[in-house]
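In: Dropping the sequence and predicted coords here.
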Amino acid sequence: MINKDFFQALEDLEAEKKIDKETFISTLETALTSAYKKMYGQAKLAMVKLNPEKATIKIYSYKTVVDEVQDEDKEISLAEARLIKKSYKVGDIVQTEESTKDFGRIAAQTAKQVVMQKLKELERQMALSELSEKEDELLTTIVKRVDSATGTVYVQISNSHTEGVMLPNDQIPGEKYNVGDRIKVYVKKIKDSFKGTQIQVTRSNIGFVRKIFELEIPEISSGDIIIKNIARDPGNRTKVAVYTEKPNIDPIGTCVGFHGQRIDTITSELNGEKIDLIEYSEDPLEYIAKSLSPAKVISVETNESLHSSRVIVPDDKLSLAIGKNGQNVRLAARLTGWKIEVKPESSVKSTEIKEPEYELTELNDDEAFDGLNDLEELEEITPLDEVNDDKTGE
């Protein structure tokens, strides 16, 4: 039977793990009541009560006083009730303490099961609460295992028994992961399901790039330099628009760092991905022109109603402006929020701006998830023609 040691154990749990003893008591009473009914009949109205102060367990059954008994499990006659207490009348509830003699072994087993289950549940909830604070944060993790069949990488979250899951589309293309590797990941989502807590981590979305910049560039983490927007093709190229209101700070030079040390560190963390630093401008013409870096731009025209632009570049810079498979102009469109049509200088005959070939429509799932390309953020963009070509990518 439940004894003083049991109640003392609850006191210790409350002190050591900050788990409310009353939570256990309430849960245990419900479970013991259910176990008692299974043993003596589900129809029986009963309740198990625990008294931590006296270290006792009592079982009470309840019956309603009636003139004529039809259900012996729930009703008692007026005559029988008055043998217990003369003041009883029809409609009163008679409470009777039941013997716990035959219930002892069942009660002890049930108590153990409930405590263990409740402990696991509360620990999981506490772990989830602690981990939820890490959502949208950068963590250093250790590769625990790699599923060769699916390509999924599982990482160990520091100071936690929970794994982080990095699906193939959350990995930087071309990057190899080995068990024991220490890697930085961005926590994009924490889910609680019947299978337990699942932490979805990534290295491929724009949130990861943003956090790496904050980590490596103190002026960004302090707010002196603001990242207005990011457009990324993981494993290939990323465009980052930066801005500052402080006249004594050069946002591009600061991000590049002395002898390129800062941008080189970030590029290395991104597995060699090229980075175009663009200085944001509220002037859309200037902003669009800079966003096509490293290509040089002759002129930019915009159509506000279509939110479209036409950019004229030297004939020999056309392929650079468009990029391989349209990558450069596509990223520029994502960065600025403007549809962009690129034309060589020699082919310009009409002044009418038509619907462009490259639009801000090819957002991948990660960018859509992060919400960083919403219209509110699409104003936040940065130019890149003031950055050294060797630091902004070819």
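Out: Nice, thanks for sending it over. What you are looking at is a predicted structure, and each value in this text was computed from that prediction instead of being measured.

In: drop to CA atoms for contacts and neighbour counts, all remaining ones
Out: Will do.

In: three-state assignment of the most centrally placed residue in the chain?
Out: By Cα atoms, centre = their mean, the chain has its centre lying nearest to residue 189, at 2.2 Å. Secondary structure for residue 189, judged by DSSP: H, G, I helix; E, B strand; the rest coil, is strand.

In: my guess is it meets residue 201, correct?
Out: Yes: judged on Cα atoms under 8 Å, residue 189 makes contact with residue 201 at a distance of 7.1 Å.

In: Name all residues that make contact with the closest residue to residue 114 other than its chain neighbours.
Out: Nearest residue to residue 114 in three dimensions, chain neighbours excluded: residue 28, at 6.3 Å (Cα to Cα, 6 or more residues apart in numbering). By Cα atoms under 8 Å, 6 or more residues apart in numbering, residue 28 lies in contact with 111, 114, 115.

In: Which one of those residues sits in the busiest neighbourhood?
Out: When neighbours are counted by other Cα atoms under 10 Å, residue 111 leads the contacts of residue 28 with 22 neighbours.

In: roughly how far apart are that residue and residue 16?
Out: To residue 16, residue 111 is 20 Å away according to Cα to Cα, to the nearest Å.

In: now the strands: where do they sit in the stretch 201-350 of the chain?
Out: 226-233, 237-243, 274-279, 299-303, 308-313, 339-344 (DSSP state E, counting those that start in this stretch).

In: again, but for the stretch 1-150 of the chain
Out: Assigned by DSSP E, counting those that start in this stretch, the stretch 1-150 of the chain shows strands spanning 46-51, 56-66, 75-77, 93-98, 138-146.

In: now for the ones you listed, which one comes closest to residue 235?
Out: strand 138-146 (18.6 Å; Cα to Cα).

In: I'd guessed residue 155 sits against residue 178; true?
Out: No: the pair residue 155 / residue 178 is not scored as a contact, 10.5 Å apart, by Cα under 8 Å.

In: Overlap in contacts, these two.
Out: 143, 145.

In: low pLDDT regions in the stretch 1-150 of the chain?
Out: Within the stretch 1-150 of the chain, the segments meeting pLDDT under 70 span 1-4, 17-19, 42-43, 100, 102, 104, 107, 127-128, 130-131.

In: scratch that, the stretch 151-300 of the chain is what I was asking about
Out: 159-161, 193-196.

In: Need the distance between the two termini of stretch 37-53.
Out: Note: stretch 37-53 ends 26 Å apart using Cα to Cα.

In: what about residue 279, neighbour count?
Out: 26.

In: Just confirm it contacts residue 249, I think it does.
Out: No: with contacts counted by Cα under 8 Å, residue 279 stays clear of residue 249, the gap being 12.0 Å.

In: quick one, what contacts the residue nearest to residue 227 when sequence neighbours are not counted?
Out: Of all residues not flanking residue 227 in the chain, residue 242 sits nearest, at 4.5 Å (Cα to Cα, 6+ apart). Contacts for residue 242 (Cα under 8 Å, 6+ apart) come out as 225-229, 251-252, 277-280, 381-382.

In: Which parts of this structure belong to which domain?
Out: Following automatic domain parsing, the chain resolves into domains at 4-130, 140-202, 206-392.

In: and stretch 71-87, which residues are buried?
Out: By neighbour count on 16 or more other Cα atoms under 10 Å, the buried set for stretch 71-87 is 73, 74, 75, 76, 77, 78, 79, 81.

In: Tell me which residues are up against it.
Out: Residues from elsewhere that reach stretch 71-87, judged by Cα under 8 Å, 6+ apart: 43-45, 62-69, 88-90, 94.

In: rewinding a little: so how far is residue 286 from the residue nearest to residue 114?
Out: The gap separating residue 28 from residue 286 is 69 Å, by Cα to Cα.

In: before we move on, what about residue 75?
Out: Where residue 286 is concerned, residue 75 sits at a distance of 87 Å (Cα to Cα).

In: what's the answer for residue 338, then?
Out: Distance from residue 338 to residue 286, by Cα to Cα: 12 Å.

In: More neighbours: which of these two?
Out: residue 338 (26 against 18).

In: Just to check, the more buried one is in contact with residue 306?
Out: No: using Cα under 8 Å, residue 338 makes no contact with residue 306, being 9.1 Å away.

In: Could you list everything residue 96 pairs with in the sheet?
Out: residue 61 (DSSP bridges).

In: what's around it, how many residues?
Out: Using other Cα under 10 Å: residue 96 sits among 13 other residues.

In: pretty sure it contacts residue 62?
Out: Yes: using Cα under 8 Å, residue 96 is in contact with residue 62, at 6.5 Å.

In: Break down the stretch 251-394 of the chain into its helices, ranges please.
Out: Assigned by DSSP state H, counting those that start in this stretch, the stretch 251-394 of the chain shows helices spanning 251-256, 261-269, 284-291, 318-322, 327-336, 365-370, 389-392.

In: looking at the ones you listed, which is buried most?
Out: helix 327-336 (a mean of 28; mean count of other Cα atoms under 10 Å).

In: For it, what is the distance to the chain centroid?
Out: 27 Å (Cα atoms, centre = their mean, to the nearest Å).

In: gap between the residue in the chain sticking out farthest from the centre and residue 95?
Out: The outermost residue of the chain relative to its centre, with distances by Cα atoms, centre = their mean, is residue 79 at 65.1 Å. Distance of residue 79 to residue 95, given as Cα to Cα: 16 Å.

In: Contacts only, for residue 67.
Out: 77, 78, 90.

In: swap the cut-off to 6 Å and go again
Out: 77, 78 (Cα atoms under 6 Å, 6 or more residues apart in numbering).

In: One more: residue 36?
Out: Counted by Cα under 6 Å, 6+ apart, residue 36 has zero contacts.

In: burial count for residue 292?
Out: Under the criterion other Cα under 10 Å, the count of neighbours that residue 292 has is 30.

In: Could you number the chain from 43 rather than 1 from now on?
Out: With 43 as the first residue, the last one maps to residue 334.

In: What spatial separation is found between it and residue 197?
Out: Counting by Cα to Cα - residue 334 and residue 197 are separated by 37 Å.
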